[in-house]
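Student: here is a sequence together with a model predicted from it:
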Amino acid sequence: MTLHAPRPAARRPTPHPTRRPPRSHSSRRRPPRRRTAPLTAAALAAVLLLAVGCGGRATTHHKPGTGHEQATGAHGTLLAAHDESGHRLRELPTADAPTIRAEARPDSEGGWNVHLTVERFRFTPESTGGAALVGRGHARLLVDGRETARAYGPWTHVPPGAHTLTVRLHADDHTVWAVDGAPVQTTVPLTPSTPPTSAAPTPTPTPTPTPTSGPTPAGRVLDIRVTGSTVAPPPSRVELKKGERITLQVTSDRADTVHVHGYDREATLAPGTPATLTLTADRTGLFEVETHESGLVLTQLVVR
């Protein structure tokens with residue numbers, strides 16, 4: 001048998017890499033251009049609306065951040081009438097209109113502390129200068145017919161020398177809330193004899209009747225009468241020495257309770273019937289005597 005040597009494997013020819021011809025600048029690909037559709041009439045109207053703001057020309061009267069309802073201020077009917085300070089009246093139905101009452105209490109250092117009671121209304125100093133919204137705003141004080149100050153809360157002070165105080169409710173845009181063409185306001189008289197001065201004289205107490213026989217209790221008697229929101233004699237300070245006794249005789253035209261702060265002593269007031277409260281001033285300091293229901297200060301006890 002004849003053996004033959006194996007033939008070497010044939011080599012495959014190595015292909016030469018083909019070179020691509022260089023691209024000319026004109027043959028480079030450019031990104032496709034985006035086509036923008038023309039604005040529709042609705043889109044154009046929206047752009048114009050944003051440009052001019054809410055309802056016409058822009059306004060800076062209301063504060064930034066207020067809504068469209070506040071910006072327009074369409075609350076109540078704006079009347080052509082003005083008050084004496086030049087503010088226009090804003091009419092409201094009686095059912096929606098706010099109400100206000102004022103109570104003036106003499107200050108021991110002169111003038112009056114005035115407490116305001118409002119209904120369907122709240123003080124909003126943070127939005128003063130904004131648009132008018134029902135039930136919001138501030139008050140203005142007119143002393144003897146002349147505007148002197150504003151009130152942004154239920155308490156304010158009137159300096160001495162005044163005779164009449166008028167408190168008027170305003171909206172945040174400074175218009176005057178009104179009903180039936182008249183401003184929403186209240187007026188209280190400030191009689192010159194009501195406020196005590198800073199060095200108020202001590203009221204002369206009524207001496208205790210001396211019986212013909214038997215021991216005479218040492219002490220003082222102070223007779224106080226309450227009619228509505230008026231206290232007679234006007235509230236002032238009563239000077240007492242430590243250990244001295246004092247008797248308070250209080251007569252009120254309404255049911256109430258008289259209370260001595262610091263001593264926790266009180267007595268029930270029946271209409272037209274004097275109530276007697278006797279205590280020994282064994283604590284030093286300043287103690288107020290007031291009524292619970294009406295919140296009136298009757299006098300101040302100064303124990304030294």
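Tutor: Good, I have the coordinates.
Student: give me phi/psi at V179?
Tutor: phi -130, psi 130 (degrees, to the nearest 10).
Student: that one touches L89, doesn't it?
Tutor: No. Using CB atoms under 8 Å as the test, V179 is too far from L89 to be in contact (9.6 Å). For glycine as for every other residue, the C-beta is placed from the backbone atoms N, C-alpha and C.
Student: between these two, which has more neighbouring residues?
Tutor: L89 (22 against 17; other CB atoms under 10 Å).
Student: skip the chain neighbours and tell me the closest residue to T278.
Tutor: T247 (4.4 Å; CB to CB, 6 or more residues apart in numbering).
Student: what sits against the one you found?
Tutor: Counting by CB atoms under 8 Å, 6 or more residues apart in numbering, T247 touches T208, G219, R220, V221, L222, T276, L277, T278.
Student: what do you get if the cut-off is 6 Å, keeping everything else the same?
Tutor: G219, V221, T278 (CB atoms under 6 Å, 6 or more residues apart in numbering).
Student: could you measure from the second one over to T278?
Tutor: So that's V221. Plainly put, V221 is 9 Å away from T278 if you go by CB to CB, to the nearest Å.
Student: got it, and the first one?
Tutor: Distance of G219 to T278, computed by CB to CB: 7 Å.
Student: before we move on, the earlier item: among the contacts of T247, which ones are buried?
Tutor: The neighbour count (16 or more other CB atoms under 10 Å) marks G219, V221 as buried among the contacts of T247.
Student: ok, the contacts of T247 vs V143, which is closest?
Tutor: Nearest to V143 among the contacts of T247, counting by CB to CB, is V221 at 37.3 Å.
Student: surely that closest one is within a strand?
Tutor: Yes. With DSSP: H, G, I helix; E, B strand; the rest coil as the criterion, V221 is part of a strand.
Student: check what pLDDT A281 gets.
Tutor: With respect to pLDDT, A281 scores 89.
Student: residues in contact with it?
Tutor: A281 sits next to L240, E244, V303 when contact means CB under 6 Å, 6+ apart.
Student: of the residues you listed, buried ones?
Tutor: L240, E244, V303.
Student: for those residues, give me CSV that also has distance to G153, pLDDT and secondary structure.
Tutor: Output for the buried ones among the contacts of A281, formatted as CSV (distance: CB to CB, whole Å; pLDDT from 0 to 100; DSSP: H, G, I helix; E, B strand; the rest coil):
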residue, distance to G153, pLDDT, secondary structure
L240, 35, 89, strand
E244, 39, 91, coil
V303, 33, 88, strand
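Student: could you dump the residues you listed into CSV and include distance to V114?
Tutor: Output for those, formatted as CSV (distance: CB to CB, whole Å):
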residue, distance to V114
L240, 30
E244, 34
V303, 29
